[in-house]
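Enquirer: 3D model of this:
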Amino acid sequence: MHITFVKKIKADGNPCRKCAEVEARLEASGAMARIDRVVLADERDPDSEGMKLAAEFGVDAAPFFIVNADSGRTIYTSYVKLLKEVLLTPVSEDEEAKDIVAHNDNLDFL
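Expert: All right, here's what the predicted structure looks like:
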(Lines give C-alpha, C1' and ligand atoms only; values in the text may rest on other atoms or scores of the structure.)
Protein backbone atom coordinates (compact mmCIF):
# COMPACT_ATOMS: atom_id res chain seq x y z
CA MET A 1 0.00 0.00 0.00
CA HIS A 2 1.18 3.52 -0.82
CA ILE A 3 -0.41 6.63 0.73
CA THR A 4 0.03 10.13 -0.66
CA PHE A 5 -1.02 13.12 1.46
CA VAL A 6 -1.93 16.18 -0.63
CA LYS A 7 -1.93 19.44 1.29
CA LYS A 8 -2.59 22.97 0.05
CA ILE A 9 -0.55 26.14 0.11
CA LYS A 10 -2.88 29.13 -0.17
CA ALA A 11 -2.39 32.01 -2.60
CA ASP A 12 -0.82 34.10 0.18
CA GLY A 13 1.89 31.45 0.68
CA ASN A 14 0.54 30.12 3.96
CA PRO A 15 -0.50 26.51 4.49
CA CYS A 16 -4.23 25.94 4.65
CA ARG A 17 -5.45 25.77 8.24
CA LYS A 18 -7.21 22.43 7.83
CA CYS A 19 -4.16 20.86 6.17
CA ALA A 20 -1.89 22.00 8.99
CA GLU A 21 -4.37 20.66 11.55
CA VAL A 22 -4.59 17.25 9.87
CA GLU A 23 -0.82 17.05 9.55
CA ALA A 24 -0.42 17.87 13.26
CA ARG A 25 -2.96 15.17 14.14
CA LEU A 26 -1.13 12.65 11.96
CA GLU A 27 2.16 13.54 13.67
CA ALA A 28 0.68 13.41 17.18
CA SER A 29 -0.88 10.00 16.61
CA GLY A 30 2.21 8.55 14.96
CA ALA A 31 0.22 7.90 11.78
CA MET A 32 2.44 10.24 9.75
CA ALA A 33 4.97 7.41 9.64
CA ARG A 34 2.46 5.50 7.48
CA ILE A 35 2.28 8.32 4.91
CA ASP A 36 4.65 7.52 2.05
CA ARG A 37 4.61 10.85 0.28
CA VAL A 38 3.50 14.45 0.85
CA VAL A 39 2.58 16.55 -2.17
CA LEU A 40 1.81 20.27 -2.28
CA ALA A 41 -1.16 21.76 -4.08
CA ASP A 42 0.11 25.33 -4.40
CA GLU A 43 -2.62 27.79 -5.38
CA ARG A 44 0.08 30.11 -6.75
CA ASP A 45 1.15 27.42 -9.22
CA PRO A 46 -1.60 25.66 -11.16
CA ASP A 47 1.06 23.29 -12.50
CA SER A 48 2.10 22.12 -9.03
CA GLU A 49 1.78 18.37 -8.64
CA GLY A 50 -0.95 18.64 -6.01
CA MET A 51 -3.08 20.96 -8.15
CA LYS A 52 -2.77 18.53 -11.06
CA LEU A 53 -3.74 15.59 -8.84
CA ALA A 54 -6.75 17.51 -7.52
CA ALA A 55 -7.89 18.19 -11.08
CA GLU A 56 -7.24 14.62 -12.19
CA PHE A 57 -9.34 13.15 -9.38
CA GLY A 58 -11.97 15.90 -9.24
CA VAL A 59 -11.11 16.92 -5.69
CA ASP A 60 -11.93 20.51 -4.77
CA ALA A 61 -10.87 20.57 -1.12
CA ALA A 62 -7.70 19.89 0.78
CA PRO A 63 -6.27 17.94 2.35
CA PHE A 64 -6.89 14.68 0.59
CA PHE A 65 -5.20 11.31 0.43
CA ILE A 66 -4.52 8.97 -2.47
CA VAL A 67 -4.28 5.34 -1.42
CA ASN A 68 -2.87 2.87 -3.91
CA ALA A 69 -3.38 -0.73 -2.85
CA ASP A 70 -3.51 -4.11 -4.54
CA SER A 71 -7.28 -3.66 -4.78
CA GLY A 72 -6.92 -0.35 -6.65
CA ARG A 73 -6.77 3.38 -5.99
CA THR A 74 -9.05 5.21 -3.56
CA ILE A 75 -9.26 8.94 -2.86
CA TYR A 76 -10.02 9.99 0.71
CA THR A 77 -11.13 13.53 1.44
CA SER A 78 -11.89 12.64 5.04
CA TYR A 79 -9.00 12.23 7.47
CA VAL A 80 -11.21 10.25 9.86
CA LYS A 81 -12.33 7.88 7.11
CA LEU A 82 -8.67 7.31 6.17
CA LEU A 83 -7.86 6.52 9.80
CA LYS A 84 -10.74 4.08 10.14
CA GLU A 85 -10.62 2.32 6.76
CA VAL A 86 -6.95 2.38 5.82
CA LEU A 87 -4.81 2.95 8.87
CA LEU A 88 -7.21 0.94 11.06
CA THR A 89 -6.76 3.43 13.86
CA PRO A 90 -9.38 3.98 16.56
CA VAL A 91 -11.11 7.35 16.18
CA SER A 92 -12.58 9.34 19.06
CA GLU A 93 -16.11 10.73 18.94
CA ASP A 94 -14.57 14.22 19.07
CA GLU A 95 -12.51 13.52 15.93
CA GLU A 96 -15.56 12.14 14.14
CA ALA A 97 -17.62 15.21 15.08
CA LYS A 98 -14.88 17.58 13.86
CA ASP A 99 -14.70 15.69 10.58
CA ILE A 100 -18.46 15.85 10.07
CA VAL A 101 -18.50 19.61 10.65
CA ALA A 102 -15.45 20.12 8.42
CA HIS A 103 -17.17 18.37 5.52
CA ASN A 104 -20.56 20.05 5.90
CA ASP A 105 -20.46 23.82 5.49
CA ASN A 106 -24.09 24.08 6.53
CA LEU A 107 -23.32 22.69 10.01
CA ASP A 108 -21.92 24.65 12.91
CA PHE A 109 -21.57 24.26 16.65
CA LEU A 110 -24.23 25.89 18.82
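Enquirer: so which residues make contact with the lengthiest helix in the chain?
Expert: If you go by DSSP state H, the chain has its longest helix at helix 17-29. With CB atoms under 8 Å, 6 or more residues apart in numbering as the test, helix 17-29 has contacts from 5, 7-8, 31-32, 35, 62-63, 79, 83, 89, 95, 102. (C-beta placed from N, C-alpha, C; glycine too.)
Enquirer: let's go with 10 Å and repeat that
Expert: Contacts to helix 17-29, defined as CB atoms under 10 Å, 6 or more residues apart in numbering, come from residues 5-10, 14-16, 31-35, 38, 40-41, 61-65, 78-80, 82-83, 87, 89-91, 95, 98-99, 102.
Enquirer: now list the buried members of these.
Expert: 5-9, 15-16, 31, 35, 38, 40-41, 62-65, 78-80, 82-83, 87, 91, 95, 98-99, 102 (16 or more other CB atoms under 10 Å).
Enquirer: circling back: quickly run through the sheet partners of the following helix or strand past the longest helix of the chain, with directions.
Expert: Downstream of helix 17-29, the first helix or strand assigned by DSSP states H and E is strand 37-42. Strand 37-42 has its sheet partners listed here by DSSP bridges as strand 2-9 (parallel).
Enquirer: okay, now residue 13: neighbour count?
Expert: 9 (other CB atoms under 10 Å).
Enquirer: now swap in residue 29 and tell me
Expert: Residue 29, neighbours per other CB under 10 Å, totals 16.
Enquirer: mind checking how far it is from residue 69?
Expert: 21 Å (CB to CB, to the nearest Å).
Enquirer: and residue 24, by the same measure?
Expert: For residue 24, the distance to residue 69 equals 26 Å [CB to CB].
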